[in-house]
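**Q** coords please:
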Amino acid sequence: MTLTAYGPLCTEVYDITKPIGGEYPDVPYYISHLSRIGGRILEAMVGTGRLLIPLLEAGINVEGIDTSLDMLAVCRKHCVERKLNPVLHHGRIENLDIPGKFSAIAVSFGSFMLLEKRGAVAALQAFARLHCLTTHFKNNTL
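**A** Residues are numbered from 1 along each chain as shown. Sure thing, here's the model as predicted:
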């Protein structure tokens, strides 16, 4: 069985166990590094906004992509509550197709480990292809 997207129950559990504003060691790291890169940033597998929202609140120009419409709906709800208006994309990172260029891509926490082996390989190939072709990335940052 392949996980294609988080449904309502998984989304609710994730939202309860990983609340926005919780103490996570990756959030200060990403804020520090991504604020120095500047430009348009993409958070892959954005989920409920656990990382996206602190990045937006820090003034970082970040967009999110996720395959789960349930996760994206909760992320948007959390953003509206904070008067944030993010750009959120619905899609799979294995075949990334977002117009424009990004300065960097972030995949937080253990998100990448949720992909099955072929999906992970496809995602890495998509990142590398997009990086090499510079269709999505600026300043050679991956």
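
**Q** need the contact list for residue 47.
**A** The contact partners of residue 47, taken as CB atoms under 8 Å, 6 or more residues apart in numbering, are 6, 14, 18, 66, 68, 71, 75, 111. The C-beta positions use only the backbone N, C-alpha and C, and glycine is treated the same way.

**Q** at 7 Å what do you get?
**A** Neighbouring residues of residue 47 by CB atoms under 7 Å, 6 or more residues apart in numbering: 14, 66, 71, 75.

**Q** contacting residues around the last one?
**A** Think residue 75. So residue 75 contacts 46-49, 52, 64, 88 (CB under 7 Å, 6+ apart).

**Q** same thing with the second one?
**A** Listed by CB under 7 Å, 6+ apart, the contact set of residue 66 reads 45-47, 72, 90.

**Q** are any of those buried, and which?
**A** Buried members of the contacts of residue 66, counted by 16 or more other CB atoms under 10 Å: 45-47, 72.

**Q** let me know the closest of these to residue 37.
**A** residue 46 (17.7 Å; CB to CB).

**Q** ok, which stretches of this structure are helices?
**A** 8-17, 26-37, 52-57, 69-81, 117-133 (DSSP state H).

**Q** most packed of those?
**A** helix 52-57 (a mean of 21; mean count of other CB atoms under 10 Å).

**Q** run through who's touching it.
**A** With contact meaning CB under 7 Å, 6+ apart, helix 52-57 is reached by 20, 27, 30-31, 34, 43, 46, 62, 64, 75, 78-79, 82, 84, 86.

**Q** chain neighbours aside, what residue packs nearest to residue 85?
**A** Using CB to CB, 6 or more residues apart in numbering and skipping the chain neighbours, the partner closest in space to residue 85 is residue 79 (6.9 Å).

**Q** quick one: contacts for that neighbour?
**A** Contacts for residue 79 (CB under 7 Å, 6+ apart) come out as 49, 53, 85-86.

**Q** ok, it to residue 118 distance?
**A** Going from residue 79 to residue 118 by CB to CB, to the nearest Å gives 32 Å.

**Q** likewise residue 61?
**A** Distance from residue 61 to residue 118, by CB to CB: 32 Å.

**Q** quick one: low-confidence parts of the chain?
**A** Scanning the chain for pLDDT under 70 picks out the ranges 1-5, 109, 111-117, 119-142.
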